[in-house]
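K.L.:
Provided below for reference: sequence and predicted model.
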Amino acid sequence: MTYILKPQLHHPNLPTNARGFTRRDYEGSVSTLCAGCGHDSISSAIIQAAFELDLPPHRIAKLSGIGCSSKTPDYFMGASHGFNTVHGRMPSVLTGANLANKDLIYLGVSGDGDSASIGLGQFAHAVRRGVNMLYIVENNGVYGLTKGQFSATSDKGSKSKKGVVNHDAGIDLVGMALQLGATFVGRSFSGDKDQLIPLIKAGLAHKGAAFIDVISPCVQFNNHVGSTKSFDYVREHNEAVNQLDMIPARSPIHVNYQPGETVMVTQHDGSVLSLHKLAELYDPSDRAQALGFLGSRQIKGEIVTGLLYVDPDAGDLHDALDTVATPLNELDNAALVPGSKALAAINAGLR
Amino acid sequence: MSVEMSPSAAKAAGPVVINDFVVKFANVNGSGSASANGMFAKSILRSGVPVAARNIFPSNIQGLPTWFEVRITEAGHLGRRGGVDLMVAMNPQTWDKDVAEIEPGGFLFYDSTKPLPPSKFRDDITVLGVPLTAMCNARYQLPRERQLFKNIVYLGSLAALLGIDPKVIETILSEQFAGRQKLIDANFEALHMGVAYVHEHLQPIRLQVRKADKVGDRIYVEGNAASALGAVYGGATVCAWYPITPSTSLAEAFTSYCEDLRTDPDGKARYAIVQAEDEIASIGIVVGAGWNGARAFTCTSGPGISLMTEFIGLSYFAEIPAVIFDVQRGGPSTGMPTRTQQADLIGAAYASHGDTKHPMLLPCDPGECFEFGALAFDLADRLQTTIFVMLDLDIGMNEWLTKPFAWDDSRQLDRGKVMTHDELEAGADFGRYKDVDGDGVPYRTYPGVHPNKGAYFTRGTSRNPYARYSEEGAVYVDNMQRLLRKFETAKSLIPAPVARPAKRKTSDGVIYFGSTTPSMHEALETLEAQGRHLDALRVRGFPFSDEVYDFIAAHDRVFVVEQNRDAQLRTLLVNEGEIDPAKLAPVLHYDGTPITARFIAREIGQILALGQTEAAE
């Protein structure tokens, strides 16, 4: 399998966004994933979100680990630099990239094997450091590229395609992200674009560690009866706590819901999150409540989706390290090298 | 005045020795002795006499034995000599071993508060007792004061015994506790308690420090601190690290130098330092920062290198600049974490699966740690790969007398082949892995550089010159060959070896590197005095230049001196240069202590003597 060039035929009347880009300008090369793969829907949602946010594609850095999900950054935003790193280690590479240049938007794409098994440690530490990023896990509960082994997010009791029952407890990355201090936590379903696109937009605009767990059924190895990550199961057990509209900064705000049903949250960059409540008492600014709510629904086999937690005033790792405004990779000789005079003083102190 | 001596003190009498002896302090870890011992070494330096001081310490914070060895050497031999002339035995746990280590005719200094049976001493040494505990218990109330000032009291006693001017120590104490006059006064008092006791009860011994002018403008600094300062001058902005002996103090020194030298007036940092969750994340952060155009490094030791190897392979294959300082310790596995070795050479040179090779720099002292520490970042950008700077515990964690740090203010950071926005805009053809100049080094772009040109996808999988995924065999082979060309290019950028020709024509040569250097030089002098002449070559990096192989070709036999079991430098020489192994004679020291001139001279001397006997037969 080698690289497939996408035909460069543009429809003459494709709509453009405020920067004059068409949706095609946010696309990448042709996907080599299986037909019907949930991951392709997520790529499509990322493309739509970036298009709607009017982001300059080259100011986004997309990073991934290894696995089916980690291949996808090649399939969107071809004008962005991308980095397919090593298995489970995308979070550290993204952290380093972010330290080098705070001005780009960092999108990390990973899978359940990549983030919940081999990369669980790096996932945890990047989140707890508050690296400014949107971290998406395309969660199908199965190892696709190696043909169907259970992953660590497989629920206990879930059945594999070959009929084996998983006896290990599943890891819930959403619960972990909440506990580890992520300042934006959401869950969605690759089959629900209306919910997913605004979540991605809000996550991209969020300052701090944003995490979205996207249940993304594997059509080849995990879409059968007995699986808790199949299209049918997720549709039947999806409990959305809210419906999100993401209104970019400077855009007029139209609210279609009745007062009292909607919570408005203004993020650091001026974007407004309009949250229409579906679960009556759910408050996405309460981390502890979010954890409790998730736990209680999980016992019932429900999959809670929506924007589960957001701290609109969060800081990031650069704030903690108090770095200069200029990206570190742009500092010149004069800013970096103290020179011979400073060295003479150091020498004098070492005698 | 009276002299306290062992029963047969007469045997211990000998010639007066000036500025050429070894003092060893045997202490209990955590007793506060390190500071006093450091001041002892510094007071001799301030007297214009070179010293070589080494900590020999356990993997422990409190309670286990620790030693500090000071070689006083007007001749400037900075390697470890071996043997002890004056033992300052402050640790009852190691008493017997410490006493046994004293050279015949040497001296034993001890706390004589509690009487010890004659069996605890030796006939052929001079015993110097000072009742340190009794003196401190009489003077101080707090247990901590009693403990800490004991160290200063013995410092005073030693000064009086060895003829060190107490005023020199007073100056050092005043500098150390600047602004805390009460503390200075208290330390002065303790110091003079020790001096006065010797004046009243003992007399100066035949080992004497005499003021000289042999230190010059040299500085006294640890290799780890020097490397960290090199990283500052090399323009490193991102440091990610995980604590591990013996490299921890490198990251700590980088932090402190950056606070001083890289902080804006408003307190903002022109650097970012992350203590990562492990060595894998450390190198991951470094690779991410390097990919994005910042100069980045990590510092670690052997176990960390083992963990980092997958990322080192990615850096090699995806061609991302990275710098790793490897402060080597005794391996394998956890090995001897607080002892020194040069045993990571092969592990670093060929780190990671698949066909990989990585350039290494081999500094011989803190002066070169600074130089190579800065150079490593230029090389990493120039070659777009991982550059190892190979220290060891001996250089990294001990203060060495070394040439002062120097910097040419006209020097600019060499960012290597980076295609800019304007070049892309002007229509330059950008192929991330294209060998445009024939040196194997491709051009790269920084992410975010241009709205629609210069973006590429970085991956550890095979790809074509335009960075597109490819499993074509020919494309893969072409790329692997280009990486070999790049490694050839590295040869011209690695610091050249340093030759030290023999005074007479000889067919014997010796190759050495790193912390072995001062002991090697001293051993060459010893051998020369015995009429044994060798041309010597110090290698300073990997890959080896033609000069190294020309040197081997020009000699019938070449000794390769190194501090590991498996002759790793020799293996690299044989492997990379297709040298007949029979030509390279290994001289190996790997017990965890720094190699000594005595060891090298004995080993090489024996082989040379054997050769002479065979020739005679």
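P.N.:
It's in. Residues are numbered from 1 along each chain as shown, chains lettered A, B, ... in the order given.
K.L.:
quick check: which element contains B:Phe311?
P.N.:
helix B:302-318 (DSSP states H and E).
K.L.:
near chain A at all, that helix?
P.N.:
Yes. Helix B:302-318 lies within reach of chain A by Cβ under 8 Å from any Cβ of the partner chain, at B:310-311, B:314. Just so you know, the C-beta spots here come from the backbone N, C-alpha and C atoms, and that holds for glycine as well.
K.L.:
residues in contact with residue 337?
P.N.:
Assuming you mean chain A. Applying Cβ atoms under 8 Å, 6 or more residues apart in numbering or on different chains to A:Val337 gives the contacts B:232-233, B:235, B:407, B:411, B:413.
K.L.:
that's the other chain; I wanted chain B
P.N.:
Applying Cβ under 8 Å, 6+ apart, we find B:Pro337 in contact with B:59, B:245-246, B:301, B:329-330.
K.L.:
among these, name the buried ones.
P.N.:
Those of those that meet the buried threshold are B:245-246, B:301, B:329-330, by 16 or more other Cβ atoms under 10 Å in any protein chain shown.
K.L.:
can you list those in CSV and add secondary structure and pLDDT?
P.N.:
Compiled in CSV, those are given as follows (DSSP: H, G, I helix; E, B strand; the rest coil; pLDDT from 0 to 100):
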residue, secondary structure, pLDDT
B:Thr245, coil, 95
B:Pro246, coil, 97
B:Ser301, coil, 98
B:Arg329, coil, 98
B:Gly330, strand, 97
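K.L.:
chain A next: which of these are close?
P.N.:
By Cβ under 8 Å from any Cβ, no member of the buried ones among the contacts of B:Pro337 lies near chain A.
K.L.:
just put those in TSV and tack on distance to B:Thr571.
P.N.:
Listed next are these as TSV, based on distance: Cβ to Cβ, whole Å:
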residue	distance to B:Thr571
B:Thr245	26
B:Pro246	24
B:Ser301	21
B:Arg329	20
B:Gly330	19
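K.L.:
most widely separated two among the contacts of B:Pro337?
P.N.:
The distance between the two most remote of the contacts of B:Pro337 (Cβ to Cβ) is 12.2 Å, for B:Ser59 and B:Ser301.
K.L.:
quick one: common contacting residues for these two?
P.N.:
With Cβ under 8 Å, 6+ apart, B:Ser59 and B:Ser301 have common neighbours B:245, B:337.
K.L.:
go through the buried ones among the contacts of B:Pro337 and name the one nearest B:Asp378.
P.N.:
For the buried ones among the contacts of B:Pro337, the nearest to B:Asp378 is B:Ser301 (24.3 Å; Cβ to Cβ).
K.L.:
pLDDT below threshold where in chain B?
P.N.:
Filtered on pLDDT under 70, chain B yields the residue ranges B:1-13, B:613-617.
K.L.:
tell me the domain boundaries of it?
P.N.:
Chain B breaks down into these domains under automatic domain parsing: B:9-208, B:220-402, B:421-493, B:498-616.
K.L.:
looking at chain A, which helix is longest?
P.N.:
The helix that spans the most residues within chain A, counting by DSSP state H, is helix A:38-52.
K.L.:
so does that one get close to chain B?
P.N.:
No. Contact of helix A:38-52 with chain B (Cβ under 8 Å from any Cβ) is absent, the minimum separation being 13.9 Å.
K.L.:
next SSE downstream of that helix?
P.N.:
strand A:60-64.
K.L.:
and the longest helix of chain A, how far out from the chain's middle?
P.N.:
On the basis of Cα atoms, centre = their mean, to the nearest Å, helix A:38-52 sits 11 Å off its chain's mean C-alpha point.
K.L.:
and if you look at stretch B:307-323?
P.N.:
24 Å.
K.L.:
where in chain A is pLDDT low?
P.N.:
Applying pLDDT under 70 to chain A flags the ranges A:1-11, A:250-260.
K.L.:
about what we covered before: I'd like the residues of helix B:302-318 next to chain A as a markdown table, with distance to B:Tyr257 and neighbour count appended.
P.N.:
As requested, the residues of helix B:302-318 next to chain A are exported to a markdown table (distance: Cβ to Cβ, whole Å; neighbours: other Cβ atoms under 10 Å in any protein chain shown):
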| residue | distance to B:Tyr257 | neighbour count |
| --- | --- | --- |
| B:Glu310 | 30 | 19 |
| B:Phe311 | 26 | 32 |
| B:Leu314 | 29 | 27 |
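K.L.:
and of the residues you listed, the nearest to B:Ala567?
P.N.:
Nearest member of the residues of helix B:302-318 next to chain A to B:Ala567, counting by Cβ to Cβ, is B:Glu310, at 27.3 Å.
K.L.:
the helix or strand containing B:Asp326 pairs with which strands, and in what direction?
P.N.:
Using DSSP H and E, B:Asp326 maps to strand B:322-328. Strand pairing for strand B:322-328, determined by DSSP bridges: strand B:296-300 (parallel), strand B:386-392 (parallel).
K.L.:
could you check how far the residue nearest the centre of chain B is from chain A?
P.N.:
Centroid-nearest residue in chain B, with Cα atoms, centre = their mean: B:Ile395, separated by 1.4 Å. Relative to chain A, B:Ile395 is positioned 15 Å away (Cβ to the nearest Cβ, to the nearest Å).
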